[in-house]
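Asks: need coordinates for the below:
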Amino acid sequence: MGRLLRSEDYRTEVIALINAEFLEYAIEFFGRVVDAKLKNQSVTADWYKAEFLDARLRSDDLIIHSGLNKKTIYDIYHSTRREIVLEVTQEHYTQLYEAISSLVDQDNEIDVTLTIKFRGVSVDLTIGESLIVINTLAVKRAELRGGAWSTTGKRVEKILMLTLCKLYRIPRGNYNLTGLTKSKREVDFFLVSNDGKKSNCEVKLMGKGNPESADATIARASEIFVADKLSDLNKKQLSELGINWVELRARNGYKKFGEILRALDIPHIEYTGDIDGEIDRVLDEAFQEYDAVANQGKPRRKSPPHR
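Replies: Numbers count the residues shown, from 1 in each chain. Predicted coordinates:
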């Protein structure tokens with residue numbers, strides 16, 4: 001959060017989290033591969049299928065082990081019910097196994113052995129087995145990446161708006177953490193002017209020139225759009241539609257928020273302080289209020305250090 005308000009790239013933090021979670025998964029997965037391979041030395045059939053597509057495993061694990069992801073199954077079958085997962089994962093893995101086996105048989109010049117050493121024990125995987133393991137890790141990485149970016153956006157939206165409100169000392173009665181537009185669409189945040197007029201706020205942490213995020217703002221009839229980055233075309237489109245926008249990545253980008261507050265007659269105190277020296281205090285205030293609303297007054301959970 002601090003990186004956003006300092007006009008810095010927040011994405012390095014998300015990537016670091018993805019890397020840490022993926023490496024933890026990979027180490028644990030390799031350990032399971034070693035264990036499964038040793039346990040099935042006498043099995044002539046596919047040991048990976050016997051161990052990693054066991055119907056007793058969780059649906060989420062079966063989906064990843066088969067080389068799929070949950071969204072793919074849902075997009076095709078419009079459901080992720082247990083019986084569908086069991087059928088689809090077995091079918092897809094069989095196709096994957098046959099494709100890899102056929103590829104290996106066709107190219108006899110390739111001879112690759114993946115050796116995994118885990119806690120003093122090592123096993124060798126053939127090229128076919130190696131490709132299956134590598135594919136599973138690639139799918140897991142993609143799942144973690146997609147989930148992390150989606151979750152980050154959802155978690156940050158309201159906290160970011162609350163932080164801006166705390167920065168400019170907007171009275172509590174002049175903003176709401178959620179609400180609906182006249183067309184019954186949910187928006188991230190509302191600001192309320194002195195005369196009671198509500199302004200819908202939309203927050204999107206998007207890459208430069210992402211048209212879908214700007215389209216979402218237009219669809220929700222938002223008056224204020226706060227983004228990490230905006231292309232020149234995005235800015236032009238938003239301005240032509242009368243939508244106030246804030247690009248946080250611009251130098252001192254957060255100050256544009258103060259200009260919007262003045263234009264919309266929303267009570268506030270102009271911020272002229274040192275953002276680096278005060279960001280931790282402002283973030284603490286924002287998290288305390290957010291947790292109080294989200295948890296209905298329950299004790300606040302310990303938050304990670306703000307960056």
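Asks: show the average pLDDT along the longest helix that the chain contains.
Replies: Using DSSP state H to define each element, the chain has its longest helix at helix 127-167. Averaged over helix 127-167, pLDDT sits at 85.
Asks: what does stretch 176-189 give?
Replies: 70.
Asks: for stretch 195-214, same thing?
Replies: Computed over stretch 195-214, the mean pLDDT rounds to 70.
Asks: please compute how far stretch 266-273 lies from its chain's middle.
Replies: With Cα atoms, centre = their mean, to the nearest Å as the basis, stretch 266-273 stands 32 Å off its chain's centre.
Asks: again with stretch 253-262
Replies: 27 Å.
Asks: got the CA coordinates for that stretch in PDB?
Replies: Extracted in PDB, the C-alpha atoms of stretch 253-262 (Å, rounded to 0.1, in the frame of the first residue of the first chain):
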ATOM      1  CA  GLY A 253      -0.200  11.000  -8.100                       C
ATOM      2  CA  TYR A 254      -2.200  10.800  -4.900                       C
ATOM      3  CA  LYS A 255      -2.400  14.700  -4.900                       C
ATOM      4  CA  LYS A 256      -4.900  14.500  -7.800                       C
ATOM      5  CA  PHE A 257      -7.300  13.000  -5.200                       C
ATOM      6  CA  GLY A 258      -7.200  16.400  -3.300                       C
ATOM      7  CA  GLU A 259      -8.100  18.200  -6.500                       C
ATOM      8  CA  ILE A 260     -11.100  16.000  -7.000                       C
ATOM      9  CA  LEU A 261     -12.300  16.500  -3.400                       C
ATOM     10  CA  ARG A 262     -12.300  20.200  -4.000                       C
END
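Asks: buried set for it?
Replies: 253, 254, 255, 256, 257, 258, 260, 261 (16 or more other Cβ atoms under 10 Å). Where C-beta positions appear, they are placed from N, C-alpha and C, glycine not excepted.
Asks: pLDDT on it, on average?
Replies: On average, stretch 253-262 scores 93.
Asks: correct me, but residue 46 touches residue 97?
Replies: Yes - using Cβ atoms under 8 Å, residue 46 is in contact with residue 97, at 6.4 Å.
Asks: residue ranges in the stretch 201-307 of the chain under the pLDDT threshold?
Replies: Counting by pLDDT under 70, the stretch 201-307 of the chain shows low-confidence ranges at 206-221, 294-307.
Asks: sorry, back to before: and the next helix or strand after the longest helix of the chain, what does it pack against?
Replies: Going down the chain from helix 127-167, the next helix or strand is strand 175-176, by DSSP states H and E. Strand 175-176 sits against strand 189-192, with contacts defined as 3 or more Cβ pairs under 8 Å, 6 or more residues apart in numbering; DSSP states H and E.
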